[in-house]
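[1] Let's see this in three dimensions:
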Amino acid sequence: QGISNLREIADCRGLTGVSSLTGNGTALAASREEYKPGSICVILVPKENDAIYGMARAYQMFAEEHRESVSIYRDIDEALNWITDNNILEVEALKELINKA
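    Residues are numbered from 1 along each chain as shown. Take a look at the predicted model:
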């Protein structure tokens, strides 16, 4: 609490299913978020998994109350361009960090 202007990335591309997740659980998790003024978040979801996209969308609706913006992307390049405001140096640094994880 009290932290502002964060840029967060939730990389969910490695998920294969949502059998242990529920819409209510997702909404509850999002509603417990701390208020982060000026902060933005990008959620990366698998390209061919509509169930995970749906859960990310549910999370987005509730989490937006706690930060400036939450966006969902299936393409990592689009996501990184959005979260860095198209700053090529930041995009490359984030790609390097993600590839090391």
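
[2] quick one: low-confidence parts of this protein?
    Low-confidence segments of the chain (pLDDT under 70): 1-2.

[3] where along it do the helices fall?
    Taking DSSP state H as the criterion, the chain carries its helices at 23-31, 50-63, 76-84, 88-100.

[4] any chance of these in a markdown table, with mean neighbour count and distance to residue 16 too?
    Any C-beta I mention is one placed from the backbone N, CA and C, and that applies to glycine too. Shown next, in a markdown table, are those (neighbours: other Cβ atoms under 10 Å; distance: least, Cβ to Cβ, whole Å):
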| stretch | mean neighbour count | distance to residue 16 |
| --- | --- | --- |
| helix 23-31 | 14 | 17 |
| helix 50-63 | 18 | 9 |
| helix 76-84 | 17 | 18 |
| helix 88-100 | 12 | 19 |
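
[5] Can you name the residues that contact the spatially most central residue of the chain?
    Against the mean C-alpha coordinate of the chain, by Cα atoms, centre = their mean, the closest residue is residue 43 at 2.2 Å. Residue 43 makes contact with 10, 12, 56, 59-60, 70-73, according to Cβ atoms under 8 Å, 6 or more residues apart in numbering.

[6] Could you check how far it is from residue 30?
    As defined by Cβ to Cβ, to the nearest Å, residue 43 lies at a distance of 11 Å from residue 30.

[7] tell me, what's touching those two both at once?
    Common neighbours of residue 43 and residue 30, using Cβ under 8 Å, 6+ apart, are 59-60.

[8] Extract the C-alpha trace of stretch 84-101 and format it as PDB.
    Only the C-alpha atoms of stretch 84-101 are listed here, as PDB (Å, rounded to 0.1, in the frame of the first residue of the first chain):
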ATOM      1  CA  THR A  84       6.600   0.500 -21.900                       C
ATOM      2  CA  ASP A  85       4.800   3.000 -24.100                       C
ATOM      3  CA  ASN A  86       6.700   1.700 -27.100                       C
ATOM      4  CA  ASN A  87      10.200   2.300 -25.500                       C
ATOM      5  CA  ILE A  88      12.400   0.000 -27.500                       C
ATOM      6  CA  LEU A  89      15.200  -0.100 -24.900                       C
ATOM      7  CA  GLU A  90      12.800  -1.100 -22.200                       C
ATOM      8  CA  VAL A  91      11.100  -3.700 -24.400                       C
ATOM      9  CA  GLU A  92      14.500  -5.300 -25.100                       C
ATOM     10  CA  ALA A  93      15.500  -5.200 -21.400                       C
ATOM     11  CA  LEU A  94      12.200  -6.800 -20.400                       C
ATOM     12  CA  LYS A  95      12.500  -9.500 -23.000                       C
ATOM     13  CA  GLU A  96      15.900 -10.400 -21.700                       C
ATOM     14  CA  LEU A  97      14.600 -10.600 -18.200                       C
ATOM     15  CA  ILE A  98      11.600 -12.700 -19.200                       C
ATOM     16  CA  ASN A  99      13.800 -15.100 -21.200                       C
ATOM     17  CA  LYS A 100      16.100 -15.700 -18.200                       C
ATOM     18  CA  ALA A 101      13.200 -16.700 -15.900                       C
END
